[in-house]
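A.B. asks: Predicted coordinates and the sequence they were generated for:
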Amino acid sequence: MSTRTLLILGGTGFVGRAAAEEALARGWHVTVLNRGRAAPPPGVRALRGDRTADGGLAALAEGEWDHVLDTWSDAPVAVRDAARLLAGRARHYTYISSRSVYAFPMAAGAAEDAPVIDASPDAEATEYAADKRGGELAATAEFGADRTLLVRCGIILGPYEDVGRLPWWLTRIARGGRVLAPGPRDLPLQYVDARDLAAWALDAADAGLSGPYDLVSPPGHTTMGRLLDTCVRVTGSTARLCWTDPETVLAAGVIPWTQLPVWLPPGEVHDALHGSDVGKALAAGLRCRPVTETVEATWAWLTGLPDGVPGRPERSPVGLDPETEARVLGPA
């Protein structure tokens, strides 16, 4: 088998970096195009370009690739312009999308045939779900349905995470003391490790898969209890998890998902986001590593950072402030 050539639009952040490292480990030739705000993985060919600026794709005026992987989360027109430029010089286009493209509320057990929201491939940036759906439409319009793979991810965790969900839990637990742990302990969770996402996406692209695939672990891959217990063990913390029923957490005004990352109280929204049917991706080779491996690798990455946890400037920070946590927990 000949060495593959891969172009990553991005390649220095979370999912893009995981894909670059996975492709390099396979011996592929990897090119990345980004704004140069972060150093790409050693071994890639780095091109500079700002997709939001006039002439921002000039570095891609020449070249051919087997596969393109695009992680863009902003204006769909940027996906449209890049895909249009590359459609005659690349065999396959993988767009990293999101399960947020489905019409809300999603039914528990929903799969790829669930209704999606309205969006435009020619839109400027609006909001996350519409931007992702517009990106899907843009990529498909330029490359064609048979050459475009739409990877609709759920929660993504693992090393290089720049949303801050698992990093927040790890740093909070490492700090010790009483930790507000939102119950119930056996609440099932779905997520995908970015490294498993990258491995599957490269395999799927090489196999020529197309169309939408929901990419997240099987329902109940882990639980809130196993996730936080693993954080305690991996960090070596003396923290005490104080399991608190959802009603108490909500009555205190704590916002699920943002102030307590990953967590949603039992109910319709939880079941929709943590009960996805991923049979299609599993049949196409998706394999998800144990939660222990994800937590251990994320902690190892965090403890090696010189400047703290990276974040996305366009997103609000996640996590619960100490004062609110203490108020909800009450006297020791």
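C.D. replies: Done, it's in. Small disclaimer: the values here were computed from a predicted structure and weren't measured.

A.B. asks: where in this structure is pLDDT low?
C.D. replies: Filtered on pLDDT under 70, the chain yields the residue ranges 1, 308-315.

A.B. asks: partners of the longest strand anywhere in it in the sheet?
C.D. replies: In terms of residue count, the longest strand belonging to the chain (DSSP state E) is strand 90-98. Sheet pairing for strand 90-98, assigned by DSSP bridges, gives strand 65-70 (parallel), strand 148-153 (parallel).

A.B. asks: how far is stretch 98-117 from where the chain is centred?
C.D. replies: Centre-to-centre, stretch 98-117 and its host chain are 17 Å apart (Cα atoms, centre = their mean, to the nearest Å).

A.B. asks: which residues are contacting it?
C.D. replies: Contacting residues not belonging to stretch 98-117 are listed as 119, 128-130, 132-133, 136, 152-154, 211-214, 216, 268-269, 271-273, 275-280 [Cβ atoms under 8 Å, 6 or more residues apart in numbering]. No exception for glycine: its C-beta is placed from N, CA and C like everyone else's.

A.B. asks: out of these, which are buried?
C.D. replies: 119, 129-130, 132-133, 136, 152-154, 212-214, 216, 271-273, 275-278, 280 (16 or more other Cβ atoms under 10 Å).

A.B. asks: Now, the residues you listed that are in helices?
C.D. replies: Using DSSP state H, Ala129, Ala130, Lys132, Arg133, Glu136, Asp271, Ala272, Leu273, Lys280 are the members of the buried ones among the contacts of stretch 98-117 that sit in helices.

A.B. asks: so how far is Asp277 from the fourth one?
C.D. replies: With distances defined as Cβ to Cβ, to the nearest Å, the gap from Arg133 to Asp277 amounts to 19 Å.

A.B. asks: Equivalent analysis for the third one, please.
C.D. replies: From Lys132 over to Asp277 the distance is 19 Å, taken as Cβ to Cβ.

A.B. asks: again, but for the first one
C.D. replies: For Ala129, the distance to Asp277 under the criterion Cβ to Cβ works out to 19 Å.

A.B. asks: go on, Gly220?
C.D. replies: Per Cβ to Cβ, Gly220 is found 13 Å from Asp277.

A.B. asks: ditto for Phe104
C.D. replies: Taking Cβ to Cβ as the measure, Phe104 falls 17 Å from Asp277.

A.B. asks: cool, Cys242 as well?
C.D. replies: 34 Å.

A.B. asks: how many other residues sit next to the closest residue to Thr235 other than its chain neighbours?
C.D. replies: Excluding its sequence neighbours, the residue lying closest to Thr235 (Cβ to Cβ, 6 or more residues apart in numbering) is Ala174, at 4.2 Å. Residues lying near Ala174 (other Cβ atoms under 10 Å) number 18.

A.B. asks: Surely Ala174 is in a helix?
C.D. replies: Yes - counting by DSSP: H, G, I helix; E, B strand; the rest coil, Ala174 is part of a helix.

A.B. asks: ok, it - contacts?
C.D. replies: Contacts of Ala174 by Cβ under 8 Å, 6+ apart are Thr235, Ser237, Ala239.

A.B. asks: I'd like to check what contacts stretch 22-41. Which residues are they?
C.D. replies: 3-13, 16-17, 20-21, 43-50, 57, 59-60, 63, 65, 195, 198-199, 202.

A.B. asks: Generate a PyMOL selection restricted to the buried subset of the residues you listed.
C.D. replies: To isolate the buried ones among the contacts of stretch 22-41 in PyMOL, judged by 16+ other Cβ under 10 Å, type:
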select buried, resi 4+5+6+7+8+9+10+11+12+13+16+17+20+21+44+46+47+49+57+60+65+195+198+199+202
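
A.B. asks: Just the contacts of stretch 22-41: which are in helices?
C.D. replies: The helices, defined by DSSP H, take in Gly16, Arg17, Ala20, Glu21, Arg195, Ala198, Ala199, Leu202 from the contacts of stretch 22-41.

A.B. asks: so, if you compare these, which one comes nearest to Thr230?
C.D. replies: Nearest to Thr230 among the ones in helices among the contacts of stretch 22-41 is Arg195, at 16.8 Å by Cβ to Cβ.

A.B. asks: Make CSV from the strands paired with strand 90-98 and add distance to Pro256 to it.
C.D. replies: Shown next, in CSV, are these (distance: least, Cβ to Cβ, whole Å):
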stretch, distance to Pro256
strand 65-70, 30
strand 148-153, 20
